[in-house]
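Engineer: turn this into a structure:
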Amino acid sequence: MGHDKALLEIAGRPMLELVAERAAAVADELFIVASGRPEYARFGFPVVEDRFPGLGSLGGIYTALVAAAHPYCLVVGCDMPLLHPALLRYLAEQTHDYDALVPALAAERSDQGGEETLEALHAIYSRAAAPVLEARLRAGQLKIADALAGLRLRRVDEATIRRFDPQLRSFLNVNTPDQVDMVIGLLEHERAARP
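Structural biologist: Take a look at the predicted model:
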């Protein structure tokens, strides 16, 4: 996109604000994991400095786990403005018998390989996963899918996800101007459909 996606304006609001608003519907603690981004403080949430700056999303997940006040932490990407609060609530209500509770969608949605796409940046992690993630980070093994293999993983199948989010819009990552336009249209449609 050529600039910080979190600050990208969508329908007159920064994308990060849209994501935070939807996540706040189910979370009683919200914070942003970033490295050297003091401008994020304007959103009114604490900004937690990434403990492994420059090592991608795995470092962000690890940082969130060690910074969270609760033993389980919802982690979402800053470029997912169509999160579905009912789906997030469903995930949060599941029995805590996992290190990671991750939506498992059709394989063709990504290049992860294998029989499924694990949506690791729309997931709930246990603080118990932190040592495994830290070991991966220190070894330079940064692929999230590989790190998940070392955890007690609980998958939420696509059929279950579609009960809450039939078009899987929650998992739309905004990476192109065309996707921005699509999200604007979908947000306008959502507003028009409200009573």
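
Engineer: quick one: A100 and L153 touch, right?
Structural biologist: Yes - in this structure, A100 is within contact of L153 by Cβ atoms under 8 Å, at 5.3 Å. Bear in mind the C-beta positions are built from the backbone N, C-alpha and C, glycine included.

Engineer: neighbour count for the two, which is higher?
Structural biologist: A100 (26 against 16; other Cβ atoms under 10 Å).

Engineer: for M15, give me the pLDDT.
Structural biologist: Per-residue pLDDT puts M15 at 93.

Engineer: then G2?
Structural biologist: 60.

Engineer: over to A68?
Structural biologist: Confidence score, pLDDT, at A68: 96.

Engineer: what's the burial count for it?
Structural biologist: With other Cβ under 10 Å as criterion, A68 counts 19.

Engineer: contacts only, for it.
Structural biologist: Going by Cβ atoms under 8 Å, 6 or more residues apart in numbering, A68 touches 29, 31, 127.

Engineer: only the buried subset of those residues, as a PyMOL command please.
Structural biologist: This is how PyMOL selects the buried members of the contacts of A68, with burial counted by 16 or more other Cβ atoms under 10 Å:
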select buried, resi 31
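
Engineer: quick check, central residue of the protein?
Structural biologist: V76 (1.5 Å; Cα atoms, centre = their mean).

Engineer: hey, which helix or strand in the protein has the poorest pLDDT?
Structural biologist: Counting by mean pLDDT, DSSP states H and E, the weakest-scoring helix or strand in the chain turns out to be helix 177-193, with a mean of 85.

Engineer: counting contacts, what elements does that helix pack onto?
Structural biologist: When contacts are defined as 3 or more Cβ pairs under 8 Å, 6 or more residues apart in numbering; DSSP states H and E, helix 177-193 packs onto strand 9-10.
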